[in-house]
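**Student:** Below are the sequence and a predicted model; questions follow.
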Amino acid sequence: MSAGAGAPAGLRDLARARGLDLGAAVAPAPLREEPEYAACLAREFSLATTENALKMEPLRPEPGRWSFAGADTIVDFAAAHDMKVRGHTLVWHQQVPEWVSKAPASELEPILSAHIETVAGRYRGRIAIWDVVNEAVTDDGSPRDTLWLRGLGPDYLATAFRRAHQADAGARLFYNDYGAEGLNPKSEAVYHLLRDLLDAAVPVHGVGLQMHVPVQGHPRPDDVAANMARLAGLGLEIHITEMDVRLPLPVTEEALAAQARVYGDLLQVCLDCPACTALIQWGVSDRHSWVPHFFEGTGAALILDEAYRPKPAYRALVRILGKATR
Ligand code: XIL
């Protein structure tokens with residue numbers, strides 16, 4: 001579907017008029033195989049995050065073998081459709097190939113440095129934004145005990161950001177985490193971590209708030225606003241990077257309405273914070289969402305349904321973008 005005369009504008013145009021990128025996590029298989037997936041992605045979104053394709057395990061299944069085809073599909077599609085790409089993610093403790101998780105600790109520094117250099121270097125100028133480090137803090141605010149911390153010591157975050165900057169000096173480099181959206185010990189720790197990195201002149205430019213939330217029990221919008229304000233005060237850019245609002249199954253009209261309010265309230269928080277420049281949902285539609293696989297008994301967490309039809313949450317975003325002042 002092309003955006004020719006008379007075609008309804010997608011969300012991306014409404015969002016861009018407000019200085020906001022609307023994004024989705026993208027998988028290469030449906031992008032290649034489902035015309036509707038590709039059409040919907042190009043119409044509604046101005047940013048694509050690589051959902052799994054650039055994680056170390058799918059990218060490097062064996063030593064010496066690189067599997068860039070999936071990421072290339074996403075990056076090429078984005079370039080052809082005037083979309084930005086968020087590369088996800090250079091350093092994470094999950095989806096690590098066995099040959100890396102079993103490597104002696106002394107080999108981890110060279111493995112990680114070469115990884116960052118190769119991946120960020122390969123996509124220099126094509127992937128504008130990187131989640132450099134993902135989920136390095138635990139819920140109580142302590143450093144997460146991972147192979148990277150054990151192998152490289154606490155400086156591994158600074159090292160990773162410096163390597164990424166060396167590989168692509170033009171890329172925007174983010175720290176990304178979940179459960180640190182509102183005000184709690186974890187978001188406090190993330191704030192201090194980022195402040196310390198900036199004090200040490202480490203090239204970190206932004207923070208990703210994942211926002212995988214249940215429709216009941218999501219962070220309070222006022223708390224997210226306060227957290228964003230303090231992060232913005234550090235000079236950081238802010239993205240809502242992985243939003244989904246999961247519903248108990250089967251879905252009811254009431255639940256869809258409540259979900260729409262959560263999406264709307266959090267979009268409003270982002271629009272009210274000048275540093276918040278992107279809202280990304282974790283999947284293109286309910287047809288390709290990780291939620292039903294990971295949170296048993298829940299689903300329908302995105303703004304488009306399994307047939308790519310707009311849900312009440314989509315209409316809430318349209319309404320709020322339409323009356324936004326920024
Ligand atoms: C998820 C993917 O969506 C799944 O397909 C995969 O099986 C597991 O990872 N936080 C992150 C993402 O940073 O990388 C995760 O993505 C979801 C939670």
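**Tutor:** Perfect, thanks for sending it.

**Student:** Would you mind naming what in the stretch 1-150 of the chain lies close to the ligand?
**Tutor:** When proximity is defined by Cβ under 6 Å from any ligand atom, the stretch 1-150 of the chain lies next to the ligand at 51, 52, 134. C-betas here are computed from N, CA, C, even on glycine.

**Student:** swap the cut-off to 8 Å and go again
**Tutor:** Within the stretch 1-150 of the chain, the positions adjacent to the ligand are 25, 27, 51-52, 55, 88-89, 92, 94-95, 131, 134-135 by Cβ under 8 Å from any ligand atom.

**Student:** Spell out for me the PyMOL command that would select the buried members of those.
**Tutor:** Command for PyMOL that selects the buried part of these, burial taken from 16 or more other Cβ atoms under 10 Å:
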select buried, resi 25+27+51+52+55+88+89+92+131+134+135
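
**Student:** a markdown table for the residues of the stretch 1-150 of the chain next to the ligand, including pLDDT and secondary structure?
**Tutor:** Formatted as a markdown table, those follow (pLDDT from 0 to 100; DSSP: H, G, I helix; E, B strand; the rest coil):
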| residue | pLDDT | secondary structure |
| --- | --- | --- |
| 25 | 99 | strand |
| 27 | 98 | coil |
| 51 | 99 | coil |
| 52 | 98 | coil |
| 55 | 98 | coil |
| 88 | 98 | strand |
| 89 | 98 | strand |
| 92 | 98 | coil |
| 94 | 98 | coil |
| 95 | 98 | coil |
| 131 | 99 | strand |
| 134 | 98 | strand |
| 135 | 99 | coil |
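
**Student:** All the strands of the stretch 1-150 of the chain, in order from the start?
**Tutor:** 21-26, 47-50, 84-91, 129-134 (DSSP state E, counting those that start in this stretch).

**Student:** Tell me which of those strands approaches residue 223 most closely.
**Tutor:** Taking Cβ to Cβ, strand 129-134 is the member of these nearest to residue 223, at 22.2 Å.

**Student:** Show me what the closest one is packed up against.
**Tutor:** Other elements packing on strand 129-134 under the criterion 3 or more Cβ pairs under 8 Å, 6 or more residues apart in numbering; DSSP states H and E are strand 84-91, helix 156-167, strand 172-177.

**Student:** Tell me which of the ones you listed sits nearest to residue 233.
**Tutor:** Within the helices and strands packed on strand 129-134, the stretch nearest residue 233 is strand 172-177; the backing value is 15.8 Å (Cβ to Cβ).

**Student:** for the closest one, what is the average pLDDT?
**Tutor:** On average, the pLDDT along strand 172-177 is 99.

**Student:** could you give the angle of it to helix 156-167?
**Tutor:** If you take axes from the mean of the first three to the mean of the last three Cα atoms, to 10 degrees, strand 172-177 sits at 150 degrees to helix 156-167.

**Student:** what comes into contact with strand 172-177?
**Tutor:** Strand 172-177 has contacts (Cβ atoms under 8 Å, 6 or more residues apart in numbering) with 86, 88-89, 128-137, 157, 161, 164-165, 186, 190, 193-194, 197, 203-210, 237, 239, 241-242.

**Student:** Local confidence estimate at the nearest residue to residue 37 once chain neighbours are set aside?
**Tutor:** Once flanking residues are discounted, residue 37 sits nearest to residue 30: 4.3 Å by Cβ to Cβ, 6 or more residues apart in numbering. What the model reports as pLDDT for residue 30 is 98.

**Student:** how much space between residue 30 and residue 303?
**Tutor:** The gap separating residue 30 from residue 303 is 17 Å, by Cβ to Cβ, to the nearest Å.

**Student:** Please say which of those two ends up with more neighbours.
**Tutor:** Neighbour comparison, residue 30 and residue 303: the larger count goes to residue 303, with 28 against 18 (by other Cβ atoms under 10 Å).

**Student:** For the more buried one, give its distance to the ligand.
**Tutor:** 16 Å (Cβ to the nearest ligand atom, to the nearest Å).

**Student:** Same check on residue 244?
**Tutor:** 9 Å.

**Student:** Next, count neighbours for the spatially closest residue to that residue that is not a sequence neighbour.
**Tutor:** Nearest non-adjacent residue to residue 244, counting by Cβ to Cβ, 6+ apart: residue 301, 3.6 Å away. Close neighbours of residue 301, defined as other Cβ under 10 Å, add up to 25.
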